[in-house]
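A.B. asks: following is a predicted model, sequence given first.
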Amino acid sequence: MSVTYPLIAVYYPHATCPTGGTCSTIPLLLPKGATTNLVRFRLTCNPAGGTYPDPVLACAALENLMHYEDVWAHQSTHEVCSCPAPFFPAGRVVGLVDGQHVNVEITGCEAVCGAPNALRSDEAVLAPAT
């Protein structure tokens with residue numbers, strides 16, 4: 001599977017592509033003409049491996065995120081939560097886990113929407129720059 005996230009120059013002005021990652025430059029919505037690097041890593045779980053800096057930690061974080069998304073999707077609630085308009089692309093994990101297709105978006109929005117600290121920590125493991 002692949003793990004991608006933006007290396008946002010606003011927060012990391014002198015950042016270079018992390019070890020093991022492949023970076024590509026992409027345009028941002030605002031300000032006009034601005035760009036950022038999109039970092040991509042390979043990640044395998046069971047057994048943990050790939051180019052991600054700490055694949056064991058990343059696989060544990062992904063498992064927690066998948067569980068949380070599954071629980072959240074099945075909750076019946078009248079609560080509405082919205083995030084600020086995204087000016088940067090979201091982080092994303094795409095691939096197969098135990099034969100199941102995974103497409104997890106990592107926006108940092110959960111912090112706004114009252115997610116537990118553990119979930120925010122898991123997101124930070126998978127997409128440290130979001």
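C.D. replies: Yes, it's here. Residues are numbered from 1 along each chain as shown.
A.B. asks: contacts for the longest strand along the chain next, please.
C.D. replies: Counting residues, the longest strand in the chain under DSSP state E turns out to be strand 35-44. Outside strand 35-44, the residues that touch it by CB atoms under 8 Å, 6 or more residues apart in numbering are 1-9, 15, 17-18, 20-28, 49-53, 55, 58-59, 62, 88-89, 93, 95, 129. In this view, the C-beta of every residue, glycine as well, is placed from N, C-alpha and C.
A.B. asks: flag the shaky bits of this protein, pLDDT-wise.
C.D. replies: Within the chain, the segments meeting pLDDT under 70 span 8-15, 30, 69-88, 108, 110-115, 129-130.
A.B. asks: repeat that for 50
C.D. replies: Within the chain, the segments meeting pLDDT under 50 span 78.
A.B. asks: which parts of it are strands?
C.D. replies: 2-7, 22-27, 35-44, 49-50, 91-97, 100-106.
A.B. asks: put the alpha carbons of the longest one into PDB.
C.D. replies: As requested, the backbone C-alpha atoms of strand 35-44 are provided in PDB (Å, rounded to 0.1, in the frame of the first residue of the first chain):
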ATOM      1  CA  THR A  35       3.400  24.500  -4.500                       C
ATOM      2  CA  THR A  36       4.200  21.800  -2.000                       C
ATOM      3  CA  ASN A  37       5.800  18.400  -2.000                       C
ATOM      4  CA  LEU A  38       3.700  15.300  -1.800                       C
ATOM      5  CA  VAL A  39       5.600  12.600   0.000                       C
ATOM      6  CA  ARG A  40       4.900   8.900  -0.800                       C
ATOM      7  CA  PHE A  41       6.100   5.900   1.100                       C
ATOM      8  CA  ARG A  42       5.500   2.100   0.600                       C
ATOM      9  CA  LEU A  43       4.100   0.300   3.600                       C
ATOM     10  CA  THR A  44       3.400  -3.400   4.200                       C
END
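A.B. asks: the strands of the chain into JSON lines, with extra columns for mean neighbour count and distance to residue 122?
C.D. replies: Shown next, in JSON lines, are the strands of the chain (neighbours: other CB atoms under 10 Å; distance: least, CB to CB, whole Å):
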{"stretch": "strand 2-7", "mean neighbour count": "21", "distance to residue 122": "12"}
{"stretch": "strand 22-27", "mean neighbour count": "12", "distance to residue 122": "23"}
{"stretch": "strand 35-44", "mean neighbour count": "19", "distance to residue 122": "14"}
{"stretch": "strand 49-50", "mean neighbour count": "15", "distance to residue 122": "17"}
{"stretch": "strand 91-97", "mean neighbour count": "18", "distance to residue 122": "11"}
{"stretch": "strand 100-106", "mean neighbour count": "15", "distance to residue 122": "9"}
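A.B. asks: done for today, thanks.
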